[in-house]
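K.L.:
Quick check, what structure comes out for this input:
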Amino acid sequence: MENYRHKIMYYETDRMGVTHHSNYIRFMEEARVDFLEKIGWPYQKLEELGAVSPVTEADCRFRTPTTFADVIEIEVKILEYNGARFRIGYTMKNGEGKTVCDGHTEHCFINSSGRPTRLSKLSPEFDEVMRSLAEAGEGRTRLGDIK
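P.N.:
Numbering: from 1, shown residues only. Down below sits the predicted model:
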């Protein structure tokens, strides 16, 4: 699957001319939305099933700065999945292949009433896709101590 690409805009930089740190979390969201579309499960489709997946945790490690007009490529992997929660990993690289940032987001599934739910109840097909992606991405199909 092709990685997501983002070109750094001028407004995303700070007074020092480097990309402001808060933007990397937004880049993760862009890449996550793109990833779900590419695997055939866009957010709209999940919402039609009655599910949403809010972010419950976000982590970001900055390695090398980026500046205006740099293009970063973002690799997305499902690291862990247990049917109710999942963790996505992101690796962002510049045009030279250097990692500029890596991190993860963690999500749960809630139904239209706002209550936690298992994806297998709402969509066994999407559940199966997520399990296979977690296994293929060297991830795990369980989230360890996360309940």
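K.L.:
At the geometric centre of the protein, which residue sits there?
P.N.:
Centroid-nearest residue in the chain, with C-alpha atoms, centre = their mean: Arg32, separated by 3.8 Å.
K.L.:
how much space is there between that residue and Asp14?
P.N.:
From Arg32 across to Asp14, the span is 24 Å (C-beta to C-beta, to the nearest Å). For every residue, glycine as well, the C-beta is placed using N, CA and C.
K.L.:
ok, now Leu36?
P.N.:
Relative to Asp14, Leu36 is positioned 30 Å away (criterion: C-beta to C-beta).
K.L.:
Between those two, point out the one with more neighbours.
P.N.:
Higher neighbour count among Leu36 and Asp14: Leu36, with 20 against 11, using other C-beta atoms under 10 Å.
K.L.:
In which helix or strand does that one reside?
P.N.:
In this structure, Leu36 sits in helix 22-38 according to DSSP states H and E.
K.L.:
Which neighbouring elements make contact with the helix or strand just after that helix?
P.N.:
Next helix or strand after helix 22-38 toward the C-terminus (DSSP H and E): helix 43-48. In terms of contacts (3 or more C-beta pairs under 8 Å, 6 or more residues apart in numbering; DSSP states H and E), helix 43-48 is packed against helix 22-38.
K.L.:
Please identify the buried residues of the helix it packs on?
P.N.:
Asn23, Tyr24, Ile25, Phe27, Met28, Ala31, Arg32, Asp34, Phe35, Leu36 (16 or more other C-beta atoms under 10 Å).
K.L.:
which residues does the third one contact?
P.N.:
In other words, Ile25. Going by C-beta atoms under 8 Å, 6 or more residues apart in numbering, Ile25 touches Ala58, Cys60.
K.L.:
Return the distance of it relative to Lys45.
P.N.:
To Lys45, Ile25 is 24 Å away according to C-beta to C-beta.
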